[in-house]
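Peer 1: pasting the structure only:
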DNA sequence: TTCTTGACTTAGACATTGTCCAATGTAGGA
DNA sequence: TCCTACATTGGACAATGTCTAAGTCAAGAA
């Protein structure tokens, strides 16, 4: 975590209280907050932080490759700090919970050359959907 | 296409001019319009059709499994009438163009049991991203 | 054919999520 | 300590989607 702040400073980031708080909120495993959730959590520690700053900071973290933007439904994007370990997502169709998962093999290789239509394919995201144990037991 | 209208009528759909026009707009291969695009195209044929009706009709077509909802970016959802042939999507990261593609093997089987965390996994979407030939040549 | 009725459509208000801008504040180097 | 370029703020605005009350109409009944 302090690693992250150090890396960012190394890249010329000016280290402000707001940015520090946003980075702290995103620290942890299986974190997939929306921008509004990040803003709410950040406000707990720094009440005067503005929405615009949260959006700006999240955008920068994404540009720098420190955080991944995930949009599983058509709703608000979510931000995933687990950017340095290749992974995919498993989403509960009912409650929306997200888990990071790891697949066998490289999904990129499943797309044959003739199915690439001349694209320079560089990235693939796989999203699994189903019912989580909790929703399954309470329905 | 008239197949579609017949199927829908069979399911108790009341056949209105508005629904017919929306269904016609969605007819074809490699169609991935946003709701607003559908509305614009439908308005060409039926100027007084309202946005709400387009949203309603698209929602119904999705519920009935006749159309698939695709959200490749965090922007507007797109509607894909190619619902009866299993396929995935290839998206140009620059211009947003979408192509239907077919992968080798079943992506569902790439997720091992211990990586399912008790979920009843039922669905998987794979989205490939890259630069399309057109954007590649003009950049 | 005409009538009837419940489903459908409409316009516009409203909600959610995200972006932009001008004014103000401040981190960090000189 | 002072400067200044960069960061933050609040609020207006934009894009997309949802909801509601009132009016309209498709299709079965008579």
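Peer 2: Thanks, I have it. In this text the structure is predicted, and so the values were computed from the model without any measurement.
Peer 1: Any part of the top helix by length along chain A near DNA strand D?
Peer 2: Determined from DSSP state H, the single longest helix within chain A is helix A:51-63. Yes: applying C-beta under 7 Å from any atom of the strand, one finds helix A:51-63 touching DNA strand D at A:51, A:52, A:53, A:56, A:57. C-beta here means a position set from N, CA and C on the backbone, and glycine is covered the same way.
Peer 1: pLDDT for the residues you listed - can I get that in CSV?
Peer 2: Below are those laid out as CSV (pLDDT from 0 to 100):
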residue, pLDDT
A:51, 98
A:52, 98
A:53, 98
A:56, 98
A:57, 98
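Peer 1: which among those residues end up buried?
Peer 2: A:53, A:57 (16 or more other C-beta atoms under 10 Å in any protein chain shown).
Peer 1: how about the residues of chain A that lie near chain B?
Peer 2: Proximity of chain A to chain B, by C-beta under 8 Å from any C-beta of the partner chain, involves residues A:69, A:71, A:73-74, A:77, A:88, A:90, A:92-93, A:99, A:101-105, A:107-108, A:110-112, A:115-133, A:136.
Peer 1: Drop anything exposed from those.
Peer 2: Using 16+ other C-beta under 10 Å, the buried ones in the residues of chain A next to chain B are A:69, A:71, A:77, A:88, A:90, A:92-93, A:99, A:101, A:103, A:107, A:110-111, A:115-116, A:119, A:121, A:124-132.
Peer 1: Strands - which of those residues land there?
Peer 2: A:69, A:88, A:90, A:92, A:99, A:101, A:121, A:124-131 (DSSP state E).
Peer 1: Which ones among those residues also lie next to DNA strand D?
Peer 2: Within those, nothing lies near DNA strand D by C-beta under 7 Å from any atom of the strand.
Peer 1: For chain A, which element, helix or strand, carries the lowest mean pLDDT?
Peer 2: Lowest by mean pLDDT, DSSP states H and E among the helices and strands of chain A is helix A:2-10, with a mean of 84.
Peer 1: Good, we can wrap up now.
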